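In: Dropping a prediction and its sequence here:
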Amino acid sequence: MRLFLAYVIGLVFGLGISISGMANPAKVLNFFDFAGSWDPSLAFVMGGAFVVAFIGYRLVFRRPAPLLAPRFAVPGNTRLDAKLLGGAAVFGIGWGISGFCPGGSLPALGTGNTEVYIFTGALLAGIIAAKLLMQFTIKWSSARAAA
């Protein structure tokens with residue numbers, strides 16, 4: 001049941017991204033082009049998503065637990081640290097340069113656009129590099145603390 005619901009949620013997300021035009025990098029990049037052909041539609045998509053998420057969270061957190069899990073998995077860290085800010089900066093820069101958001105690039109894979117495959121490959125390489133860097137940092141910190 002969890003796999004089926006994950007599929008349905010992903011399908012709804014992908015359809016929303018595709019219908020709104022956010023799988024088109026030119027449309028996304030036009031949102032960032034304030035001096036040229038600015039397209040505010042991305043702001044409306046984000047605003048709509050915010051409203052749906054706001055209402056959804058209010059309804060869901062009234063329940064004692066999720067439907068398919070024993071408890072809610074809510075992050076406990078509320079600090080703004082260098083890791084969070086650096087990740088947000090890399091995310092924003094990548095999105096602004098390529099026109100693809102990681103979530104929006106997945107539905108765009110179906111377009112067959114070579115740029116989407118290059119972006120997704122770079123995204124996966126970045127994820128792997130970040131994991132390896134974190135593992136190295138943890139090992140280095142542990143070895144340094146033991147010395």
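Out: Arrived safely, thanks for sending. Worth saying up front: this structure is predicted, and the values here are computed from it rather than measured.
In: Touching the lowest-mean-pLDDT helix or strand in the chain from outside, list them.
Out: Least confident helix or strand, the chain: helix 102-108 with a mean of 82, by mean pLDDT, DSSP states H and E. The contact list for helix 102-108 (Cβ atoms under 8 Å, 6 or more residues apart in numbering) reads 13-15, 17-18, 22-25, 28, 91, 100, 116, 119-120, 123. All C-beta spots, glycine's among them, are computed from the backbone N, C-alpha and C.
In: in the lengthiest helix in the chain, what's buried?
Out: Using DSSP state H to define each element, the chain has its longest helix at helix 114-146. Judged by neighbour count using 16 or more other Cβ atoms under 10 Å, the buried positions of helix 114-146 are 116, 119, 120, 123.
In: Likewise for stretch 6-17?
Out: Buried, per 16+ other Cβ under 10 Å, within stretch 6-17: 14, 16, 17.
In: Can you tell me how far residue 135 is from residue 129?
Out: Going from residue 135 to residue 129 by Cβ to Cβ, to the nearest Å gives 11 Å.
In: Residue 96 now?
Out: Residue 96 is 20 Å from residue 129, by Cβ to Cβ.
In: Ok, residue 117 next?
Out: Applying Cβ to Cβ, the value for residue 117 to residue 129 is 18 Å.
In: Residue 120 too?
Out: Distance from residue 120 to residue 129, by Cβ to Cβ: 15 Å.
In: Quick check: the two most widely separated of the contacts of helix 102-108?
Out: The span of those, defined through Cβ to Cβ, is set by 15 and 91 at 23.2 Å.
In: Show me where the protein dips below the pLDDT cut-off.
Out: 147 (pLDDT under 70).
In: That one: helices as residue ranges?
Out: Remark: helices assigned in the chain by DSSP H are 2-20, 25-31, 41-60, 82-98, 102-108, 114-146.
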